Structures are given as structure tokens and as C-alpha cells.
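Trainee: got a structure for you, letters missing:
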């Protein structure tokens, strides 16, 4: 998203002959590319670690458990919001 915005700013500043903004956008695009490559280089071993079969299975189990916890938390939150709104309207819940 940031690269698309920088690209649009670079094109519009080039059309308007604002070379200082254009130069900043180009430098920003280059810096964003370097940051992306460094993050990819750092994260590649971590992704390879997740491909181990034991770790993959445990990851699936914990992912399912955290999904259930998240669903429960959101359900409770929506229930309390629903109860709060109905109490202020004057309709009781249960």
C-alpha cells in the first residue's frame, strides 16, 4: 500500500515539475524495497522452521484453539454491547 502511494506521489510530482517531492518519493521507494528484502531475509528461516511436521501439527492445534477463544471473546463482547443498547432503549434482556 505504501509503495503504491509513493508511486502515485512520484508520478504526480513529476508531472507538476516538483522535483524535490519526486526525489523524496524515489528515495522512499528504494528504502521500502530494501526494508522488504531485509525482512524477507530475516523471516525466511522462521518460515522454514514452521514447515517441520511436528511444529506444523502443533501450530494447527493452537490455531484452532485460539480461533475458538477469539470466537468466544467476540460473542461475549457483542452480547454485552447488545445488552447495553437494549437496556438504554428500555427493553430488558432475558
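Mentor: Structure's in. What do you need? The model shown is predicted, which means the values in this text are computed figures rather than measured ones.
Trainee: domains of the protein?
Mentor: 1-49, 53-94 (automatic domain parsing).
Trainee: Most tightly packed of the ones you listed?
Mentor: domain 1-49 (a mean of 12; mean count of other Cβ atoms under 10 Å). Heads up, the C-betas are built off the backbone N, CA and C, glycines and all.
Trainee: still on that earlier bit, make JSON lines out of the domains of the chain and add mean pLDDT.
Mentor: Conversion of the domains of the chain to JSON lines gives the following (pLDDT from 0 to 100):
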{"stretch": "domain 1-49", "mean pLDDT": "83"}
{"stretch": "domain 53-94", "mean pLDDT": "85"}
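Trainee: Grab the longest helix from the chain for me.
Mentor: When every helix of the chain is counted residue by residue (DSSP state H), the longest turns out to be helix 53-89.
Trainee: State the distance from residue 31 to residue 14.
Mentor: 19 Å (Cβ to Cβ, to the nearest Å).
Trainee: Fine by me, we can end here.
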